[in-house]
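> Structure here, sequence nowhere to be found:
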């Protein structure tokens, strides 16, 4: 059986929110600083998504060397979602099957990819509801005038 209840708040956020010190894990493992690159076995579609999203996540220390595989799953799921959506858009919702009309199989691929993407997107704070609890230093990012800055530490 998996863990129950809401997902634990990351330690960085506990510090930012001023949680009691006895509730902060001061011995949490910290990923080593290193170059973060897209794995060579990634699909072309995933590489395109990686190139679009990874630089900003890395700059904000959300994407670390330990997160590469999880982030690639996110990128592959979004690439698969794009491909399935293109198939659905180019064909009918119902297709001829062995026993008559059936739901287009691309819809199932699309739905599975969407679920996978949303699961991993939440882990990286890529949806509005997941970002709402993260506090950032406004104006701390030179590239985004008045936009999100970096996590406070």
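Cool, the structure landed. None of the values given here were measured: they were computed from a predicted structure.
> Touching, residue 130 and residue 119? I think so.
No: look at residue 130 against residue 119 with Cβ atoms under 8 Å: they stay out of range, at 10.9 Å. Just so you know, the C-beta spots here come from the backbone N, C-alpha and C atoms, and that holds for glycine as well.
> What segments of the chain are helices?
In the chain, the helices defined using DSSP state H lie at 11-16, 44-59, 68-89, 105-123, 128-131.
> Show me what the last one is in contact with.
The set of residues external to helix 128-131 that reach it, using Cβ atoms under 8 Å, 6 or more residues apart in numbering, is 121-122, 125.
> List buried residues within these.
Listed as buried from the contacts of helix 128-131 are 121, 125; burial here means 16 or more other Cβ atoms under 10 Å.
> OK, contacts around the nearest residue to residue 46 once chain neighbours are set aside?
Using Cβ to Cβ, 6 or more residues apart in numbering and skipping the chain neighbours, the partner closest in space to residue 46 is residue 75 (3.9 Å). Neighbour list for residue 75: 38, 42, 45-47, 49-50, 53 [criterion: Cβ under 8 Å, 6+ apart].
> Report the buried members of those residues.
38, 42, 45-47, 49-50, 53.
> Run the chain-centre distance for stretch 103-115.
For stretch 103-115, the distance from its own C-alpha centre to the chain's C-alpha centre is 19 Å (Cα atoms, centre = their mean, to the nearest Å).
> buried residues in it?
Neighbour-count burial for stretch 103-115, with 16+ other Cβ under 10 Å as criterion, is recorded at 104, 106-107, 109-110, 113-114.
> could you dump these to JSON lines with distance to residue 60?
Listed next are the buried residues of stretch 103-115 as JSON lines, based on distance: Cβ to Cβ, whole Å:
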{"residue": "104", "distance to residue 60": "39"}
{"residue": "106", "distance to residue 60": "35"}
{"residue": "107", "distance to residue 60": "35"}
{"residue": "109", "distance to residue 60": "31"}
{"residue": "110", "distance to residue 60": "30"}
{"residue": "113", "distance to residue 60": "25"}
{"residue": "114", "distance to residue 60": "25"}
